[in-house]
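# return atomic coordinates for the entry below.
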Amino acid sequence: MEQIKEPKKILFYIVIALIIIAGIVMVAIKGFNVELRYTANKKVELAIGETVDISKIQEKADEVFGKGKSIVQYVEVYKDTVQVTAKDITEEQKNSLVEKVNELYPQEDTNDTSEEEQAEDEQTEPAKLLDASTITIQGTENARLRDFLKPYVIPVAIVTVVILVYYAILYRKLGVVRVLVRAILIIVLSQIVLLSILAIIRFPMGRFTTPLILLVYLTSLIYTSGSFMYKH
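Numbers count the residues shown, from 1 in each chain. Model prediction:
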């Protein structure tokens with residue numbers, strides 16, 4: 001950064017400031033775009049009874065809730081039970097979903113019937129796997145954004161303290177306080193800028209947020225070390 005000429009440096013700071021301000025405004029107005037699994041939601045569990053193609057279930061869920069507004073995932077390793085999650089699920093939507101899934105996986109009950117009964121059953125509609133009246137809609141409270149970052153907080157904090165001590169010792173000639181303040185500012189500012197950008201572009205906060213945060217954190221450490229080496 002020291003090699004950036006003064007006009008370019010000023011422009012760089014202005015851009016950073018604008019990004020942060022825009023990010024703060026976006027968060028204040030709309031909040032972060034949090035993945036469905038990390039927001040208050042409702043879900044139903046469908047025990048199909050046979051191995052299912054989850055992509056087909058997702059297609060039916062998209063028809064009921066709208067594309068991209070639901071998540072379908074396996075519940076058991078046998079892949080015969082799925083859980084459908086959406087921001088809200090009404091009784092009507094649940095019944096519609098069950099009906100559509102039954103169209104995919106109808107089943108005739110022929111285990112304990114005679115040949116004559118089976119012949120009669122062939123002329124009637126096959127029994128459905130799922131009974132909507134026995135399926136309940138379950139609600140889930142909000143999962144706070146920091147919940148999926150919690151496992152990384154203590155390890156990252158420890159690593160940061162160790163690195164700051166290392167910087168202070170290695171570059172003490174530049175001034176311990178100056179080194180620590182600069183390093184902390186770069187680390188914190190880089191994370192604020194990242195979160196601001198994610199808020200502005202409405203990037204889904206969830207599974208991919210932690211790797212991005214850690215990547216930017218590592219990049220900020222590398223940049224900080226390089227700037228100290230250049231000055232030293």
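
# who are the contact partners of residue 211?
Residues near residue 211 by C-beta atoms under 8 Å, 6 or more residues apart in numbering: none. Where C-beta positions appear, they are placed from N, C-alpha and C, glycine not excepted.

# tell me the average confidence for stretch 47-58?
In this model, stretch 47-58 has a mean pLDDT of 88.

# show me how the protein divides into domains.
According to automatic domain parsing, the chain comprises the domains 6-34+145-231, 40-140.

# rank those domains by pLDDT, which is bottom?
domain 40-140 - the lowest mean pLDDT of the domains of the chain, at a mean of 79.

# chain center to that one: distance?
25 Å (C-alpha atoms, centre = their mean, to the nearest Å).

# end-to-end on stretch 163-180?
Terminal residues of stretch 163-180 are spaced 10 Å apart (C-alpha to C-alpha, to the nearest Å).

# ok, now stretch 163-181?
13 Å.

# buried ones in that stretch?
Within stretch 163-181, the residues that count as buried by 16 or more other C-beta atoms under 10 Å are 164, 167-168, 171, 179.

# now the phi/psi pair for residue 86, please.
When read as degrees, to the nearest 10, the backbone of residue 86 gives phi -140, psi 160.

# separation between it and residue 180?
48 Å (C-beta to C-beta, to the nearest Å).

# just to revisit the earlier point, farthest-apart pair in the buried residues of stretch 163-181, please.
For those, with distances taken as C-beta to C-beta, the pair at the greatest spread is 164 and 171 (10.9 Å).

# follow-up on the earlier one: let me have the buried residues of stretch 163-181 in TSV, extended by distance to residue 70 and secondary structure.
Below are these laid out as TSV (distance: C-beta to C-beta, whole Å; DSSP: H, G, I helix; E, B strand; the rest coil):
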residue	distance to residue 70	secondary structure
164	45	helix
167	48	helix
168	51	helix
171	52	coil
179	50	helix
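
# just name the closest of these to residue 51, please.
residue 164 (52.7 Å).

# quick one, helices of the chain?
Here the chain has its helices, by DSSP state H, at 6-29, 54-65, 91-104, 115-121, 150-170, 176-200, 209-231.

# for the longest one, packing partners?
What that stands for is helix 176-200. The contact analysis (3 or more C-beta pairs under 8 Å, 6 or more residues apart in numbering; DSSP states H and E) places helix 176-200 against helix 6-29, helix 150-170, helix 209-231.

# deepest in the core, which of those helices is it.
Ranked by mean neighbour count, the helices and strands packed on helix 176-200 are led by helix 209-231 with a mean of 15 (mean count of other C-beta atoms under 10 Å).

# now the angle from it to helix 150-170?
0 degrees (axes from the mean of the first three to the mean of the last three C-alpha atoms, to 10 degrees).

# residue 105 touches residue 47, doesn't it?
No - in this structure, residue 105 is not within contact of residue 47 by C-beta atoms under 8 Å, at 10.9 Å.

# of the two, which one has the most company?
residue 105 (19 against 13; other C-beta atoms under 10 Å).

# what values do phi and psi take at the more buried one?
phi -130, psi 70.

# show me the residue at the heart of the protein, geometrically.
The centroid of the chain falls nearest to residue 206 when counting by C-alpha atoms, centre = their mean (2.2 Å).
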